[in-house]
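Student: Build the 3D model from these lines:
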Amino acid sequence: MLSPMTAEPMHIHGTFLPDEEPRDFWVADGRLTAEPVAGARTLARDAYIIPGLVDAHCHIGLGVMGAVSVEEARRQARADLAAGTMLIRDAGSPSDTRWVQQDETLPRLIRAGRHVARTRRYIRHLAVEVEPETLVEQIRHEAHDGDGWVKLIGDWIDRSTGDLEPSFPAALAAEAIAVAHEEGARVTAHCFGEQSVAELVAAGIDCIEHGTGMSDEVIQQMADRGVALVPTMINLNRFPQYAEPGRDKYPVFADHMMALYARRRETIGKAIEAGIEVHSGTDAGTVVPHGEILSEVAELASLGGGAFAIKASSWGARSWLGADSLAEGASADLIVTDTDPRADTGALRDPVARVLRGRVISCP
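Tutor: Have a look, this model is predicted:
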C-alpha cells in the first residue's frame, strides 16, 4: 500500500479545490509548497485535486464481537485508505488504537475512546455500559481518554417497552455534555428515534450520528445552534435487516425502524436544505464493511449534489475536525483526478493518484 520511506519530491498542476483557479504545488518532505522544488517529478497536469477523504463515523479496532486484533485493525484501516479515506474520526471502539496514530502508512485518526451506553441497552461487547449515576464521571473519563470527542449512545431498544427509548434522562445527559465541554471535548451521539435527538440537541450536544428521528423543529434548532450531522446513509439503508429479524418479538420496534427507514432520505434532505453542517461517515466496523467511503459520498451526492458531497467528505469535514486541507505547509494528503469530482463523484473511484503524507498510495 504505502512505503514508510521518505516521500519523493513531486509537482502537481491543477485546480486545488475548493479554489477555482489552476495553480502549481510541489511536495517536499511530505508537505505542500508553492515554491518550486528542484528535481521534482510531475505527477499530473490540468488535474483536479481534493484533500484526502474523511470518514467521520468509523470504528477502527471494532468487530461484531468487540475488540479485534492489531492485525485485523490494520486491515480495516488499509481498506479505508485504499478507498481514499485519509482521516478518520473514530466513533467508539473497545480497542486502544493509539498505535494507528504512530503508523505513517495508515490514515490519520482522531479517537473518541469507548462508546458510552446504558447497561444492557446496546450491542454486547462494544461499549462501556453504565447506569445513570455514573454517566457523568464516565463521560469525564472519556473526554480525557480521547482526542477531543466523546460518543454517547443516545437511544436503543428498551426491551421493557419494546421500542426505541432514550438511554439516559435528559437532564443527566445535559449535565454529562456540560462536563465534556468543561474538559475540552465535543460530544456526539447515536440517535435513531425522535425523542433522543430532540432531548440531546436541547441539551447542547455538538453532533448527531444518524439522525433519522429529526423533526422539522429539531432540524431548525440544529441549524441555529451549529449542531453537525453525520447521517451514515449506507448504514441507514440497512435498517430493514436490523428491524425485520426481531419483528415477532418486538413488532413496535420493527415498525418504528421501518418508518424511520421509509422517510430517511426526506429527513436527511431537509437537514441539508436547512444548512446543517453534514459530513460523511460510513459506520464501518460491524455490519458495514470498511472501505465504503465512496458509496457514502455517492449517497450524499444523490441528496445534495456532487459539490455538496465532495465538500462534506473532504475540505468541509477537515475544517470541522481541525485538520489540514490543501494549503502552504499542509501535509500532502490528497486525491488527484483528471475530471472535476463535483460534476461526477465517480471520478474518485479511478483517480490519477492518491497521496498520503507525500507518498503515492499503490492500491491493489
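Student: Model confidence at the nearest residue to residue 84 once chain neighbours are set aside, what's the number?
Tutor: The shortest distance from residue 84 to any non-neighbouring residue, by C-beta to C-beta, 6 or more residues apart in numbering, is to residue 53 (4.4 Å). In short, each C-beta sits where N, CA and C put it, glycine included. Per-residue confidence for residue 53 comes out at a pLDDT of 98.
Student: What's the local residue count around residue 53?
Tutor: Residue neighbour count, defined by other C-beta atoms under 10 Å, stands at 29 for residue 53.
Student: Now do the contacts for it.
Tutor: By C-beta atoms under 8 Å, 6 or more residues apart in numbering, the residues touching residue 53 are 83-87, 280, 293-294, 297, 313-314, 335, 348.
Student: Any of these buried? List them.
Tutor: 83-87, 280, 293-294, 297, 313-314, 335, 348 (16 or more other C-beta atoms under 10 Å).
Student: quick one: which of these is nearest to residue 60?
Tutor: Ranking those by separation from residue 60, with C-beta to C-beta as the measure, puts residue 85 on top at 10.4 Å.
Student: in which helix or strand would I find the residue nearest the centre of the chain?
Tutor: Central residue check for the chain by C-alpha atoms, centre = their mean: the C-alpha nearest the mean position is that of residue 56, 1.2 Å away. Of the helices and strands defined by DSSP states H and E, residue 56 is found in strand 53-58.
Student: just residue 46 next, same as before
Tutor: Assigned by DSSP H and E, residue 46 belongs to strand 41-51.
Student: For the chain, give me the ranges with low pLDDT.
Tutor: Scanning the chain for pLDDT under 70 picks out 1-6, 363-364.
Student: Just give me the closest of the contacts of residue 53 to residue 326.
Tutor: Minimum separation from residue 326 among those (C-beta to C-beta) is found for residue 314, which lies at 9.2 Å.
Student: where does the residue nearest to residue 153 when sequence neighbours are not counted fall, phi/psi-wise?
Tutor: Counting by C-beta to C-beta, 6+ apart, residue 153 lies nearest to residue 117, which is 3.9 Å off, once chain neighbours are set aside. Geometry field for residue 117 lists phi and psi as phi -130, psi 170, criterion degrees, to the nearest 10.
Student: Tell me how far residue 117 lies from residue 34.
Tutor: Between residue 117 and residue 34 the distance is 48 Å, computed by C-beta to C-beta, to the nearest Å.
Student: So between these two, which is more surrounded?
Tutor: A side-by-side neighbour count of residue 117 and residue 34, using other C-beta under 10 Å, places residue 117 first with 24 against 11.
Student: For the more buried one, list the residues it contacts.
Tutor: The neighbours of residue 117, taking C-beta under 8 Å, 6+ apart as the test, are 126-130, 153, 156, 167.
Student: Which of those sits closest to residue 284?
Tutor: Looking at the contacts of residue 117 and their distance to residue 284, the nearest is residue 126, at 13.5 Å (C-beta to C-beta).
Student: can you give me the helices in the chain?
Tutor: Secondary structure of the chain, counting by DSSP state H: helices at 70-82, 132-145, 170-182, 194-202, 216-225, 233-236, 239-243, 251-262, 264-273, 293-304, 306-313, 315-321.
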